[in-house]
Structures are given as structure tokens and as C-alpha cells.
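Visitor: Provided below are the primary sequence and the corresponding predicted coordinates.
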Amino acid sequence: MKAPPRPVIVLGVLALAGAAALALAPRDEPDAWLGYVEGEALYVAAPVSGTLATLPVQRGGTVRAGQPLFALDPRTTDAATAQARAELANAQAQRADLAQARQRAPELDVSRAAQASAQAQLARAEADYRRFDALAAKGFASRTQLDAARAARDVAAASLRQAEAEERSGKLTAGRAQQQAAAAAGVAGAEAALSAQQRRRDEIAPTAQASGTIEQTFFNPGEWVPANQPVVALLPADRRKLRFFVPQERIAALRPGAQVHFTCDGCGPARTATIRYIAPRAEFTPPVIYSERARSKLVFMVEAALPTNQPLPPGLPVAVSPQ
């Protein structure tokens, strides 16, 4: 068998090399930006420490807005609330006492009776003085008798004025204006303290502020929960978003409020999301984005809000493209 000419062999080798180079050359990746689903969980805690009494939710379960999440033992809080209520009652009683008259009704009746007696004595002393004055003018009464009658009349008038002053004093309130203002301030402070304790009672048994999924629970009933330590992590349905990374040469075309398409494994047809945030500075592609060609590029991080009817799990990889 005759061997092929050398030029033909060379051409064949070159063709194979070209085909191999074409097969191994990096192809242009589709116009898609890689990212993932992220959720912003709400970490629900109590402002005071205590024993976890009830935990009616479980990890992975769904809750509705207003549904109880957990409750601490309320006995200590209830005792503090009762104390604040008693202090308020005491402050209100002090204020009411200072606003009343110094003398009660029976004591005022005594003052009025003394005033009536003084009026009667004054009337008799006045009549005696007029009689002795008339007699003295005719020479039938001495100067001494007239002076005694005048003195008796003046004493009776003074006694009447004293009785009237005692009645007016008894009608005055028990406290001065400054004392009454201090008592009113004490009532306001006690009311604020009671309101704070009642609010604290609600805070040790919080409810879900929005519908969502229980992402994690950190304590079990019967365990001691420190103050401000999260007990439940709630992921609301409206707090899920896409976080993806756009090359620097494409970022200028994006604006907050614009919509993008995205796909993910098992998600079916392409879905839409609305851009809410664009990072002001570029960064290198984060290691979580697995792309040989894009891992060293400068990119901008972009966040897009998901519709509430698309509860995708956090961490799910997505591929995003402009609309």
C-alpha cells in the first residue's frame, strides 16, 4: 500500500490541531449574572431574662402575623406589674387627699356653730352697749359701766371674726399649690411605670409581626434565656431577595426599580425580580460564585426584591439576566 504524501499528512495534523483548539477554547458564557437567594431573618428576643415557658413554633414551620412565637415565665413580670399598680393607687390617694379641704364636714359644722354662738354674743353685747350708752347720757350709768359694755361688744366682735376665719381656713385644701403639683407629678410617674410594666408583659410573649417561616429556634422550654438573646429566627415572606453580581461594564445600564429575569434549578420558567439596591463600589467576584472566567473580574453587588408568592430557599443559586 502506497503511503500518503507528506503535505497531506501535514494538512491533516493541522486540521486536527485546529479542531482540538476550537473544542478546548473558552466559549463565551451566556449573558447571565450569577447570584443566590438571600433572606433577612428577624431575630425575636425578650428584653429581660427568664425561663422559657412555651415555644409553640418549630423550625421549618410557617406562622401567620399575630401568632404567638414564645413566652417566658410571667410570674416575675406579673409581680412587678402588681407593685407598679399599687404605687399608682398610692400616688392617686395622696393627690386626692391634698386636694380635699383641711377639715371634714363635721369639723366645719363645729366651726359654723362657733360662728353662730359668736354672732349671738355680739348681738347681746351690742344691745348692752347701746343701753348703757343711753343711760350714761341721762346720768343713770357710770363711765365705768359704759366702758365695760363697749369692751364686751368688742370682744364679741373679735370672737365672731375668729370663728369666721376658722371656717374659711377649714375650707382650704390640705396641700399648697406646690404640694399638689408634686402629687400630680407622682401620679404621672406611677402611670408611666405601670404602662412600661404592662408593655414588658407583652414583650416576654411576642407575636409574629409578619407571616413567614421559622428559620431557627435557639432554646427549648425550661431553659434559661438571657436578656436580649434571640429565641426564634423568623424569615418573613417579604424579606427574601436576590443577591447577584454584575460586571462593571454592565452596571451603568441598571437602575433601582428595574426588573430582571432569573432562573434556578427546579424553578421552572424564568421569573422576575425588582432591583432595590446597587452597591456604590466595585469588588472582586466573591468565592461563592463558581465561575472560572468571572472569578477575578470586578463586579458590583446588586439586590433585587422577590415577590412574596415566590418563597425560594435562601442560598439557592440563580442566574440573572436583564429584562
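Guide: Everything's here; your move.

Visitor: doesn't residue 211 make contact with residue 65?
Guide: Yes - judged on CB atoms under 8 Å, residue 65 makes contact with residue 211 at a distance of 5.2 Å. Using the backbone N, CA and C atoms, a C-beta is placed for each residue, glycine as well.

Visitor: residues touching residue 46, list them.
Guide: Residues near residue 46 by CB atoms under 8 Å, 6 or more residues apart in numbering: 72, 203-204, 206, 225, 227-228, 231.

Visitor: roughly how far apart are it and residue 163?
Guide: Separation of residue 46 from residue 163 (CB to CB, to the nearest Å): 65 Å.

Visitor: about what we covered before: which one of residue 65 and residue 211 is surrounded by more residues?
Guide: Taking neighbours as other CB atoms under 10 Å, residue 65 and residue 211 compare with residue 211 leading, 16 against 11.

Visitor: Give me the domain ranges for the chain.
Guide: 33-40+236-322, 101-172 (automatic domain parsing).

Visitor: and these, which one's lowest on average pLDDT?
Guide: Of all the domains of the chain, mean pLDDT reaches its minimum on domain 101-172 (a mean of 75).

Visitor: re earlier: take the contacts of residue 46 and lay them out in a markdown table including pLDDT, neighbour count and secondary structure.
Guide: A markdown table is the format used below for these (pLDDT from 0 to 100; neighbours: other CB atoms under 10 Å; DSSP: H, G, I helix; E, B strand; the rest coil):
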| residue | pLDDT | neighbour count | secondary structure |
| --- | --- | --- | --- |
| 72 | 95 | 22 | strand |
| 203 | 91 | 14 | helix |
| 204 | 93 | 20 | coil |
| 206 | 94 | 18 | coil |
| 225 | 95 | 22 | strand |
| 227 | 93 | 10 | coil |
| 228 | 94 | 11 | coil |
| 231 | 96 | 22 | coil |
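
Visitor: Make TSV from those residues and add distance to residue 151 to it.
Guide: Conversion of those to TSV gives the following (distance: CB to CB, whole Å):
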residue	distance to residue 151
72	82
203	78
204	79
206	83
225	86
227	81
228	83
231	89
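
Visitor: of all these, which two lie farthest apart?
Guide: Longest distance between any two of these is 13.8 Å, between 206 and 227; criterion CB to CB.

Visitor: Break down the protein into its helices, ranges please.
Guide: 6-24, 75-99, 105-138, 143-171, 177-203 (DSSP state H).

Visitor: got the ones you listed as CSV, with distance to residue 306 columns?
Guide: CSV is the format used below for those (distance: least, CB to CB, whole Å):
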stretch, distance to residue 306
helix 6-24, 39
helix 75-99, 39
helix 105-138, 74
helix 143-171, 74
helix 177-203, 31
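
Visitor: for the ones you listed, which one sits closest to residue 317?
Guide: Nearest to residue 317, of all these, is helix 6-24, at 25.9 Å by CB to CB.

Visitor: nearest to residue 185, of the domains of the chain?
Guide: Nearest of these to residue 185, taken as CB to CB: domain 101-172 at 21.6 Å.
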